[in-house]
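> Sharing a model prediction with you, sequence too.
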Amino acid sequence: MQILVVHGPNLNLLGTREPEVYGAQTLKQIDDDLRQKAQEAGVQLETFQSNHEGALVDRIQAAGRDGTRYIIINPAAYTHTSVAIRDALAAVALPFVEVHLSNIHRRESFRHHSYMSELAVGVICGLGPMGYFLALQYALSHRGA
Ligand code: DQA
């Protein structure tokens, strides 16, 4: 089984970007830890970050052809705007968990709506980087589901 972790725009700046909202960990630290946890479970995990909507759509489409079994995605700002990313997730029909570092429901009202949540297996928000690890744990225990 292969797990794909997708990070949307500005998440490459984690560690320096509004640390009071998003924490001090860098994306590389999070990705390295995720890869290690997956490896310990004998599972291949790939991470992908882009600031570009089309690149995110292309990577999700590719997941439909490359053996990916589960997606963990933080679409970042595109959560609230992107019908294209939602459609890509619907098209590949792979189970996915939506993750947000911050609690989007405690923030500005434009962050309260997600185009993705309706299609997600589950949504984790507000738990910081731990959200990715909980999503991974879930994906590992529901392989193939
Ligand atoms: C985010 C929340 C989004 O509203 C925001 O645009 C982000 C990150 C989060 O992880 O908390 O870039 O998805």
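Cool, got the structure.
> what does this protein have sitting close to the ligand?
Counting by CB under 6 Å from any ligand atom, the chain comes close to the ligand at Asn10, Asn74, Ala76, Ala77, Thr79, His100, Leu101, Ser102, Ile104, Arg111. Quick note: C-beta positions are derived from backbone N, CA and C, even for glycine.
> Just the buried residues of those residues.
By neighbour count, with 16 or more other CB atoms under 10 Å, these hold Asn74, Ala76, Thr79, His100, Leu101, Ser102, Ile104, Arg111 as buried.
> For Pro9, see how far away the second one is.
Using CB to CB, to the nearest Å, one obtains 5 Å as the distance from Ala76 to Pro9.
> so what's in contact with the two at the same time?
Common neighbours of Ala76 and Pro9, using CB atoms under 8 Å, 6 or more residues apart in numbering, do not exist here.
> which pair in the residues of the chain next to the ligand spans the largest distance?
Greatest spacing in the residues of the chain next to the ligand, by CB to CB: Asn10 and Ile104 (14.3 Å).
> Ile73 - how many residues pack around it?
For Ile73, the tally of surrounding residues (other CB atoms under 10 Å) stands at 25.
> and it, that one's in a strand?
Yes. Checked against DSSP: H, G, I helix; E, B strand; the rest coil, Ile73 lies within a strand.
> How about it: which residues does it bridge to?
Val6, Glu98 (DSSP bridges).
> Touching, it and Ser117? I think so.
No. The criterion here is CB atoms under 8 Å, and Ile73 misses it with Ser117 at 11.1 Å.
> what sits in contact with each of these two?
Glu98.
> List the buried residues in the least confident helix or strand in the chain by mean pLDDT.
Counting by mean pLDDT, DSSP states H and E, the chain has its least confident helix or strand at helix 19-22, which shows a mean of 87. Judged by neighbour count (16+ other CB under 10 Å), helix 19-22 contains these buried residues: Tyr22.
> Torsion angles phi and psi at Val57?
phi -60, psi -50 (degrees, to the nearest 10).
> can you tell me how far it sits from the ligand?
Distance, Val57 to the ligand, by CB to the nearest ligand atom, to the nearest Å: 17 Å.
> now the strands for the chain?
Assigned by DSSP state E, the chain shows strands spanning 2-7, 44-49, 68-74, 96-100, 122-125.
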